[in-house]
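Chemist: turn this into a structure:
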Amino acid sequence: MATGGVDWTTGDQVVKGRFRNADVTTLDDTGTPTVAENNLFVTGGTTTITDFDDGVIGQKIMILAAHTVTIEHDGSDICLSANTDFDMEAGDTLTLCMFTDQVWHEIARMEIP
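Modeler: Numbers count the residues shown, from 1 in each chain. Predicted coordinates:
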């Protein structure tokens, strides 16, 4: 399954040899938390996030804010809608995809009113 697809024996999705599962991982409270080995995350602190480490081309990550945290748009590591930072509040979500090496692009967001 190293080329991608679904492992029908376990139900796990495989992206470039990495397994994605239904567990939600808490991001570490650094400016560049790792997103290796998963695609579902909840924020783990209030430090502004400037990049996500250890991603691979084709990986999609979904982030749920547990509290107020800023995702920084810089146009080179993270490209967000309207070319501006996203000040996430608790309950907001952000979905990013890596289309080119080490560049995350926003593909969806939901803000709690």
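Chemist: Gly58 contacts His105, doesn't it?
Modeler: No. Counting by Cβ atoms under 8 Å, Gly58 does not reach His105; the two are 12.0 Å apart. The C-beta positions use only the backbone N, C-alpha and C, and glycine is treated the same way.
Chemist: what sits in contact with each of the two?
Modeler: Cys97, Met98 (Cβ atoms under 8 Å, 6 or more residues apart in numbering).
Chemist: name the nearest residue to Gly31, ignoring sequence neighbours.
Modeler: Distance criterion Cβ to Cβ, 6 or more residues apart in numbering; nearest residue to Gly31, sequence neighbours excluded, is Thr50 at 4.7 Å.
Chemist: please name the residues that touch the one you found.
Modeler: Gly31, Thr32, Glu72, Asp74, Asp77, Ile78.
Chemist: beta partners of the most centrally placed residue in the chain?
Modeler: Nearest to the mean C-alpha position of the chain, counting by Cα atoms, centre = their mean, stands Ile61 at 3.2 Å. Counting by DSSP bridges, Ile61 is bridged to Leu96.
Chemist: could you pull up phi and psi at the residue nearest to Gly75 when sequence neighbours are not counted?
Modeler: Nearest non-adjacent residue to Gly75, counting by Cβ to Cβ, 6+ apart: Asn83, 6.7 Å away. Backbone dihedrals for Asn83, given as degrees, to the nearest 10, come out at phi 50, psi 40.
Chemist: can you tell me how far Asn83 is from Ile63?
Modeler: 19 Å (Cβ to Cβ, to the nearest Å).
Chemist: the more surrounded of those two?
Modeler: Using other Cβ atoms under 10 Å, the more surrounded residue of Asn83 and Ile63 is Ile63, with 25 against 9.
Chemist: give the contact list for that one.
Modeler: Applying Cβ under 8 Å, 6+ apart to Ile63 gives the contacts Leu27, Phe41, Val42, Thr43, Ile71, Met88, Thr93, Leu94, Thr95, Leu96.
Chemist: thank you, goodbye.
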